[in-house]
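K.L.:
Please work out how this folds:
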Amino acid sequence: MEKELVIVLDFGGQYNQLVARRVRECNVYCEIYSYRTDLSKIKEMNPKGIILTGGPNSCYEADSPTYTKELFELGIPVLGLCYGAQLMMHVLGGKVQKAPVREYGKTEVFVDRSSDLFEDVSETTVCWMSHFDYISQVAEGFRITAHTADCPVAAAENAEKGLYAIQFHPEVLHTQEGTKMLYNFVRGVCDCAGTWRMDSFVENAIREIREKVGDGKVLCALSGGVDSSVAAVMLSKAIGNQLTCVFVDHGLLRKDEGDEVEEVFGPNGNYELNFIRVNAQERYYKKLAGVTEPEQKRKIIGEEFIRVFEEEAKKIGAVDFLVQGTIYPDVVESGLGGESAVIKSHHNVGGLPDYVDFKEIIEPLRDLFKDEVRKAGLEMGIPEKLVFRQPFPGPGLGIRIVGEVTAEKVKIVQEADAIYREEIANAGLDKTIGQYFAALTNMRSVGVMGDERTYDYAVALRAVNTIDFMTAESAEIPFDVLQKVMSRIINEVKGVNRVFYDLTSKPPGTIEFE
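P.N.:
Predicted coordinates:
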């Protein structure tokens, strides 16, 4: 698919995915690459714009991430954000040093609206700052276009060469007009037409799948979640009965979810799919016995997925391709997209074993963020109820149970989660909260029930609001609703005597527990 491209060079910043996500909101396709990417490869990709991310280092130190001066001489517009802005100045002859006052959080910024970057932006706007170094002197040819009370260079530019530096983070929602600034860069400075549309993506993806598969047989890993469901429907539209969908019930699903998945995709469901359900609960519990480390759990679950698929493939004959619902955040968080540290191995990316007995793995959604996957699903006519269902991780309750996974613990968290989701719906909050679930901590504590001493588990309730799943804030749930959930869980779920509510945002936490 021919498309305009803006690339993000990642210098280890925590918001790298957000940068790409915001660019795509401008209907411009964007991908993340490590700052180690060779200049020749960048030239080959022929991007219409380049964005340099933030990062935790000081650009003037000898071992800090850097890039050659030639990057800024390609004639391609470059936008540096935070560390990227400092690096641009440092490489081009400006001066960066330790700031006398560190800025962190929401900050009032005064901008020069004559800059193309700040067209239609308020003269005084609120932006998200996060830096302990500052640009004390801009490079030759640059002019200062924004400042704060403590930061003399909040933005600078050499418009003639298409070089722009911003000290704050326009990609985070806390920067009130950040999306407008990024729009001005990619659609204005870079002159992108904005042709990245979901209808075009779906149409092209289906055509490319059909060409790649030919008359081959395809096995789809169907979990019933949004990502794998959209992938399955896309494959079904592309190749019809050449596709077999295997649903592995690993015993780590939400209450009654296995039956619900079969109801939708099985023989009596809404789609013409070859559907196989594999009940592998005991197999998983045995493999996970005694395992407490979350990364190890993820990899065990991932490898077992593949092994089950290989076994099913042999039963149905030669299978050429395996389909998975991998999405772009999976790739980046598994350390395969940019320069950021591995946050967690996703079972269908970093968790794959070294040997996989298929010719190739097809991941039609690999380039999409979660909300883009939902748009693709709606584009293909998948019902809203399925497209907007609560997100559920591939490893399932395996990472919502802290510590060892056992059948007893799975039962506890399934029942607690079902109560929580039921009461959230009863309170009319299910349409307003981004994601919510119950998790089982590994903590046991003393309690009193029926005048008797108990020594049972604590359940943690999680609810967050998020647009892109890259950042999230804890949701405010009315206290009476939390009280009702707590009372029901303790009274109805055997083995629980405490209920907590998790207030942690992302970052510093993740949305899931492990």
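K.L.:
now the strands: where do they sit in the stretch 51-200 of the chain?
P.N.:
With DSSP state E, counting those that start in this stretch, the ranges of strands along the stretch 51-200 of the chain come out as 78-81, 95-111, 124-137, 143-147, 155-158, 163-166.
K.L.:
ah, wrong one, I meant the stretch 201-350 of the chain
P.N.:
With DSSP E, counting those that start in this stretch as the criterion, the stretch 201-350 of the chain has strands spanning 218-221, 243-249, 274-279, 321-323.
K.L.:
before we move on, the earlier item: can you add mean pLDDT, distance to residue 11 and mean neighbour count and give the strands of the stretch 51-200 of the chain back as CSV?
P.N.:
Using the backbone N, CA and C atoms, a C-beta is placed for each residue, glycine as well. Listed next are the strands of the stretch 51-200 of the chain as CSV, based on pLDDT from 0 to 100; distance: least, C-beta to C-beta, whole Å; neighbours: other C-beta atoms under 10 Å:
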stretch, mean pLDDT, distance to residue 11, mean neighbour count
strand 78-81, 96, 9, 28
strand 95-111, 87, 14, 15
strand 124-137, 89, 13, 19
strand 143-147, 95, 21, 19
strand 155-158, 96, 18, 25
strand 163-166, 96, 14, 28
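K.L.:
wait, which of those strands is closest to residue 326?
P.N.:
strand 78-81 (26.9 Å; C-beta to C-beta).
K.L.:
Could I have the CA atoms of that closest one written out in CSV?
P.N.:
The C-alpha coordinates for strand 78-81 follow below in CSV (Å, rounded to 0.1, in the frame of the first residue of the first chain):
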residue,chain,number,x,y,z
VAL,A,78,12.5,17.3,11.6
LEU,A,79,10.7,17.9,14.8
GLY,A,80,12.6,17.3,18.1
LEU,A,81,10.6,16.7,21.3
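K.L.:
which other helices and strands contact it?
P.N.:
When contacts are defined as 3 or more C-beta pairs under 8 Å, 6 or more residues apart in numbering; DSSP states H and E, strand 78-81 packs onto strand 49-52, helix 83-91, strand 163-166.
K.L.:
Can you list the neighbours in contact with the longest one?
P.N.:
Yep, that's helix 83-91 we're talking about. The contact list for helix 83-91, computed with C-beta atoms under 8 Å, 6 or more residues apart in numbering, reads 9, 11-13, 51-57, 59-60, 65-69, 72, 78, 80, 94-96, 131, 133-135, 137-139, 142, 153, 155-156, 163, 165-167.
K.L.:
Would you map the strands across the stretch 401-514 of the chain?
P.N.:
435-449, 452-465, 473-474, 496-502.
K.L.:
Between the strands of the stretch 51-200 of the chain, which one is closest to residue 477.
P.N.:
For residue 477, the closest of the strands of the stretch 51-200 of the chain is strand 95-111, at 24.6 Å, according to C-beta to C-beta.
K.L.:
Which strands border that closest one, and is each parallel or antiparallel?
P.N.:
In the sheet, strand 95-111 lines up against strand 124-137 (antiparallel), strand 143-147 (antiparallel) (DSSP bridges).
K.L.:
Buried residues of the lengthiest helix in the chain, list them for me.
P.N.:
The residue-count maximum for a helix in the chain (DSSP state H) belongs to helix 294-316. Applying a neighbour-count criterion of 16 or more other C-beta atoms under 10 Å, one finds 294, 297-310, 312-313 buried in helix 294-316.
K.L.:
Report pLDDT for residue 326.
P.N.:
Per-residue pLDDT puts residue 326 at 86.
K.L.:
contacting residues around residue 115?
P.N.:
So residue 115 contacts 145, 146, 155, 157, 159 (C-beta under 8 Å, 6+ apart).
K.L.:
Spit out the contact partners of the fourth one.
P.N.:
So the one you mean is residue 157. Listed by C-beta under 8 Å, 6+ apart, the contact partners of residue 157 are 115, 117, 142, 143, 145, 163, 164, 165.
K.L.:
Please report how far the nearest residue to it once chain neighbours are set aside lies from residue 181.
P.N.:
Closest residue to residue 157 in three dimensions, ignoring its sequence neighbours and counting by C-beta to C-beta, 6 or more residues apart in numbering: residue 164, at 4.7 Å. Distance of residue 164 to residue 181, computed by C-beta to C-beta, to the nearest Å: 9 Å.
K.L.:
what touches both of those two?
P.N.:
Taking C-beta under 8 Å, 6+ apart as the criterion, residue 164 and residue 181 both touch residue 117.
K.L.:
contacting residues around the closest residue to residue 493 other than its chain neighbours?
P.N.:
Leaving aside its sequence neighbours, residue 493 sits nearest to residue 415 (C-beta to C-beta, 6+ apart; 4.6 Å). The contact partners of residue 415, by C-beta under 8 Å, 6+ apart, come to 255, 489, 492, 493.
K.L.:
cool, residue 223 as well?
P.N.:
Counting by C-beta under 8 Å, 6+ apart, residue 223 makes contact with 247, 248, 261, 325, 392, 394.
K.L.:
go on, residue 124?
P.N.:
108, 109, 110, 111.
K.L.:
Run through the bridge partners of it.
P.N.:
Applying DSSP bridges, one finds that residue 124 bridges with residue 110.
K.L.:
hang on, the earlier thing: among the contacts of residue 115, which one lies nearest to residue 409?
P.N.:
Looking across the contacts of residue 115 and measuring by C-beta to C-beta, the closest to residue 409 is residue 155, at 51.6 Å.
K.L.:
if I pick the closest one, what's in contact with it?
P.N.:
85, 109, 111, 115, 117-118, 144-146, 164-168.
K.L.:
of the strands paired with strand 95-111, which approaches residue 46 most closely?
P.N.:
strand 143-147 (28.0 Å).
K.L.:
From the contacts of residue 415, which shows the smallest pLDDT?
P.N.:
residue 255 (92).
K.L.:
so what's residue 112 up against?
P.N.:
Applying C-beta under 8 Å, 6+ apart, we find residue 112 in contact with 118, 144, 145, 146.
K.L.:
The third one touches residue 110, doesn't it?
P.N.:
No: when contacts are counted by C-beta atoms under 8 Å, residue 145 is not listed as touching residue 110 (9.9 Å).
K.L.:
ok, residue 143 to residue 181 distance?
P.N.:
Taking C-beta to C-beta, one finds residue 143 at 17 Å from residue 181.
K.L.:
How about residue 135?
P.N.:
Distance of residue 135 to residue 181, given as C-beta to C-beta: 18 Å.
K.L.:
Equivalent analysis for residue 219, please.
P.N.:
Distance, residue 219 to residue 181, by C-beta to C-beta: 45 Å.
K.L.:
Same check on residue 489?
P.N.:
Residue 489 is 45 Å from residue 181, by C-beta to C-beta.
K.L.:
for residue 409, same thing?
P.N.:
Distance, residue 409 to residue 181, by C-beta to C-beta: 47 Å.
K.L.:
Which of the two has more residues huddled nearby?
P.N.:
Of the pair residue 409 and residue 181, residue 181 is the one with more neighbours under other C-beta atoms under 10 Å, namely 27 against 20.
K.L.:
Residue 68 contacts residue 38, correct?
P.N.:
No: counting by C-beta under 8 Å, residue 68 stays clear of residue 38, with 9.9 Å between them.
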